[in-house]
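Trainee: Got a sequence here, can you build the structure:
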Amino acid sequence: MVTEDQKRYCLLMAARDSEYVKKVYGGYVNVFLKAFAEGEQWDLFRVVDGEFPDMDELHKYHGFVISGSPYDAYGNEMWILKLCFLLQTLDAMEKKVLGICFGHQVLCRALGGKVGKAHCGWDLGLRKIRIVEDLPLCSLFGVLEEIPPSLTIIECHQDEVWEVPLGAEVIAFSEQTGVEMFVIGDHILGIQGHPEYTKDILSNIIDRLALNDSVDKEFAENAKSRLEINGEPDRNSLEKICKNFLKEEGSGIISPPHWPTTHK
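Mentor: Numbering: from 1, shown residues only. So this is what the prediction gives:
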């Protein structure tokens, strides 16, 4: 039961559970809850399977998180188009929205930016992302003593943001990817990497990518070798950034429109 003063969050799942994650973690939802939840109410909607929150219920949520996905954020599957409409609505309502990997890219697309295949190809493993210099101390980093010059995050993507939406600010980049993090106002945050992933989850994904020939087996072996020797991601700092962003008080509520009628 949700009390009136209990914050409520919405997880928009854009990927199906792998057998490994189901066995070890009980599903991706538990991976996200372990990383971001602190006793609030979290509702799961598997948007990849066409499950969406009711438009009349959106005002009840304090924030939304969009997961990663094996699908292309620039694809035209019906659920992706419907997700784009939802994100446009949440932006108009100035609701907190955190997009991770695919979520980061589809946020960009929905709000007028451009996404596509990564110019440098697959990025699998640990990646050092650099925080933009002279970034003013803001609520996003308020939980940290100071803004770090760089953070190490787990990456697993072959697509990227080419151009951020009008009004967006790029706040982190890497040698491989020009837009690692972006913000719009105080209510939109996109992160290309995976602050919620553990190294064993990525290792299993690499194995599956090699098995279905999505990546060359030698490339996969090299990625796993680097994963073993490159230390650990800065999960504590990254999770704090995400939680601080989601749990800061947001803006007022605007009544949302209804879903558009779609025709095949």
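Trainee: so what's the residue nearest to the spatial centre of the chain up against?
Mentor: Within the chain, the residue whose C-alpha comes closest to the C-alpha centroid is I100; the distance, by Cα atoms, centre = their mean, is 1.0 Å. Applying Cβ atoms under 8 Å, 6 or more residues apart in numbering, we find I100 in contact with 65-68, 191, 193-196. In short, each C-beta sits where N, CA and C put it, glycine included.
Trainee: Reformat those as TSV; add distance to D54, secondary structure and pLDDT.
Mentor: Supplementary listing: the contacts of I100 in TSV, determined by distance: Cβ to Cβ, whole Å; DSSP: H, G, I helix; E, B strand; the rest coil; pLDDT from 0 to 100:
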residue	distance to D54	secondary structure	pLDDT
V65	18	strand	97
I66	17	strand	98
S67	20	coil	96
G68	24	coil	95
I191	27	strand	96
G193	31	coil	94
H194	29	strand	95
P195	28	coil	95
E196	26	coil	94
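Trainee: Looking at these, spot the one nearest I171.
Mentor: Checking the contacts of I100 against I171 by Cβ to Cβ gives I191 as the nearest, at 9.9 Å.
Trainee: For the closest one, which residues are in contact?
Mentor: 98-101, 104, 153, 180-181, 238, 242.
Trainee: how about the residues you listed in JSON lines, adding secondary structure, distance to H59 and pLDDT?
Mentor: What follows is the contacts of I191, written out as JSON lines (DSSP: H, G, I helix; E, B strand; the rest coil; distance: Cβ to Cβ, whole Å; pLDDT from 0 to 100):
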{"residue": "L98", "secondary structure": "strand", "distance to H59": "18", "pLDDT": "97"}
{"residue": "G99", "secondary structure": "strand", "distance to H59": "20", "pLDDT": "97"}
{"residue": "I100", "secondary structure": "strand", "distance to H59": "23", "pLDDT": "97"}
{"residue": "C101", "secondary structure": "coil", "distance to H59": "27", "pLDDT": "95"}
{"residue": "H104", "secondary structure": "helix", "distance to H59": "24", "pLDDT": "97"}
{"residue": "I153", "secondary structure": "strand", "distance to H59": "32", "pLDDT": "93"}
{"residue": "E180", "secondary structure": "coil", "distance to H59": "31", "pLDDT": "94"}
{"residue": "M181", "secondary structure": "strand", "distance to H59": "27", "pLDDT": "95"}
{"residue": "L238", "secondary structure": "helix", "distance to H59": "29", "pLDDT": "92"}
{"residue": "C242", "secondary structure": "helix", "distance to H59": "22", "pLDDT": "93"}
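Trainee: low pLDDT regions in the chain?
Mentor: For the chain, applying pLDDT under 70 flags the ranges 1-5, 134-147, 249-264.
Trainee: show me where it has strands.
Mentor: Counting by DSSP state E, the chain forms strands over residues 8-12, 41-45, 63-66, 96-100, 114-117, 123-131, 150-157, 159-163, 169-173, 181-184, 188-191, given from the N-terminal end onward.
Trainee: what angle separates the fourth one from strand 8-12?
Mentor: Per axes from the mean of the first three to the mean of the last three Cα atoms, to 10 degrees, the angle that strand 96-100 makes with strand 8-12 is 30 degrees.
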